[in-house]
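> one predicted model, sequence on top.
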Amino acid sequence: MPQTAKKEETKMRNNDKQTTEKKQKRSYPFYAIENPIEHDRIPVFIKTMGTVLRDEKYRLLLDLYLNTCASCNSCAEQCHLYQVTHERKDLPAYRSNMLRAVYRKYFTRGGRLLGRLVGAKELHEEDIDAMIESFYRCTMCRRCAVECPMGIDNALLTRIGRCILGELNLAPKNFTVSSAQELKGIGNTSGIPKEAFMDTLDFLQDEIKDMTGHKVEFPRDKVGAEYMFIAPVSDYIMEADTLMGTAMALQAAGTDWTIGTSFYDAINYGLFYSDGVTSDVLNRLLTEAQRLKVKKILIGECGHATKTAKLFMDVFGKYRFPVRNVMEYTAEAVKDGRLKLDPEVNQETVTYHDPCNLGRGLGIYEAPRAIVRAATKHFVELQPNRERNYCCGGGGGSVTVPDLYDFRMNLAGAKKVEQIKSSGAKYIAAPCANCKKQLKELVEYHKLPVTVVGVHDLLIKSLVY
Ligand code: SF4
Ligand code: SF4
């Protein structure tokens, strides 16, 4: 063949290849994904699962849960999502079985030899797609774990599934972009430069002075303070009242505290999809506490940030600090008389939403209630509450994924809407950035006659000087 004809043929072949590849490019209808894996997904999934399972704690958990699930479906009766959709993909045990079947097939001797006879299943492309959808419909709220007779935590299995998908770049773009911004970019998930952050702190100080007449400071970079306070950075944009109430309480209680200005974002999306990100973000936070030589860390009103700092420090942390949620601190100050609150100034009926990560995740039930009761005249409980409370519907990070908006408003948040309506409350206090965002969106979408606030917001009016 002449040289030119040969070149032409190669060019055509390349064009054909590119067209086929383009045709094969997958679309992910559930949520936007940045640079997803396109080819060889099955072998890469199995290899990645093998890598994740080298971590002894995950292998032990899968082994344990694999052998103990009684298929009783008590978990389904507890799941706020399944109760609304009644779809198979939302059955907690069915979702976990997707992972278990692959584990059995490729990582157990019995599964390799006996296949379906022992619940093992070969992995197909459609199984991976089903996992991408199903693992992000679970809000990781752990309500199903409360009633499981075998003590199985399906939310943990969801997290393992998400971690495997995360290693394959099959996580929502909002997680990966925000985490990259926090770790490699400007240093926080909202992209707030340090100068703007400092201006915001000044602005909040001025606001408190205007509202109350009192001079309250947001101390910065104080070396050797007892507490380093760190909140989700989104609070500085969206939850000024929570931050002002917090600063007022800390100052009034005589707290030796500071904010770090080299790292000031408690958000850690790693909890929802990646051990690597969890560890890296947590270590940035701990490094800031180490730089300031503080004695303890105080996390603001945020469920997942508190849970990550409290539970993962022993596993991933470069440094160790005692960690408290700010509500534990404030409740203690109210109890021992360092803070005086006047409930008469908050006369409207107030209810309280237990964020899943603070409640079922960490057992923080009574501290926030003690503050709300001391600061308001009429408190009513949501029914059910405490460990049986329903997720706001935006848990597991789903509140940050715009493509899941309809799902959150109409399905995942449906039980929460019922609860709020029947409470008759005019205010709902929710001490978590993610819960507040979801609840505010639910209130607007369903036109509920209620206002969403943080717990410390209630202190602005009720604090007695
Ligand atoms: S409640 Fe527990 S044992 Fe029963 S199906 Fe669910 S995970 Fe399995
Ligand atoms: S963790 Fe929550 S959303 Fe997920 S299966 Fe359990 S109850 Fe349902």
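Thanks, I have it. No experiment lies behind these values; they were computed from the predicted model shown. Ligands and ions are numbered 1, 2, ... in the order given.
> distance of the closest residue to Ser190 other than its chain neighbours from ligand 1?
If you skip the residues right next to it in sequence, Ser190 has Val233 as its closest partner in space, 4.8 Å away by Cβ to Cβ, 6 or more residues apart in numbering. Where C-beta positions appear, they are placed from N, C-alpha and C, glycine not excepted. When distances are taken as Cβ to the nearest ligand atom, to the nearest Å, Val233 and ligand 1 turn out to be 36 Å apart.
> show the contacting residues for Val233.
Val233 makes contact with 188-190, 192, 197, 264-267 under the criterion Cβ atoms under 8 Å, 6 or more residues apart in numbering.
> please redo it, this time with the cut-off set to 6 Å
Val233 makes contacts with 188, 190, 192, 265, as judged by Cβ atoms under 6 Å, 6 or more residues apart in numbering.
> which pair in those spans the largest distance?
The distance between the two most remote of the contacts of Val233 (Cβ to Cβ) is 8.3 Å, for Ile192 and Asp265.
> who has more neighbours, those two?
Between Ile192 and Asp265, counted using other Cβ atoms under 10 Å, Asp265 has the larger neighbour count: 26 against 19.
> the more buried one against Gly187, yeah?
No. Counting by Cβ atoms under 6 Å, Asp265 sits too far from Gly187 to count as a contact (7.3 Å).
> excluding its backbone neighbours, what's nearest Pro322?
For Pro322, ignoring the flanking residues on the chain, the nearest one in space by Cβ to Cβ, 6+ apart is Lys296 at 4.6 Å.
> who does that neighbour form a beta bridge with?
In this entry, Lys296 is beta-bridged to Tyr227, by DSSP bridges.
> list the residues that contact it.
227, 321-322.
> from Trp257, how far out is it?
Between Lys296 and Trp257 the computed distance is 9 Å (Cβ to Cβ, to the nearest Å).
> which residues do those two both contact?
A shared contact of Lys296 and Trp257, defined by Cβ under 6 Å, 6+ apart, is any residue touching both; here these are Tyr227.
> identify each buried residue in the helix or strand hosting Ala180, please.
When secondary structure is defined using DSSP states H and E, the element that contains Ala180 is helix 173-183. When burial is assessed from 16 or more other Cβ atoms under 10 Å, helix 173-183 yields the following buried residues: 173-176, 178-179, 181-183.
> out of those residues, who's near ligand 1?
Intersecting the buried residues of helix 173-183 with the surroundings of ligand 1, defined as Cβ under 6 Å from any ligand atom, gives nothing.
> what about Ala145, how many residues nearby?
18.
> which element is it on?
Secondary structure from DSSP H and E places Ala145 in helix 143-147.
> contacting residues for the residue of the stretch 101-250 of the chain found nearest ligand 1?
Here the stretch 101-250 of the chain gets closest to ligand 1 at one residue, Cys148, 3.3 Å apart by Cβ to the nearest ligand atom. Residues in contact with Cys148, defined by Cβ under 6 Å, 6+ apart, are Cys75.
> that one and Tyr227, how far apart?
Relative to Tyr227, Cys148 is positioned 37 Å away (Cβ to Cβ).
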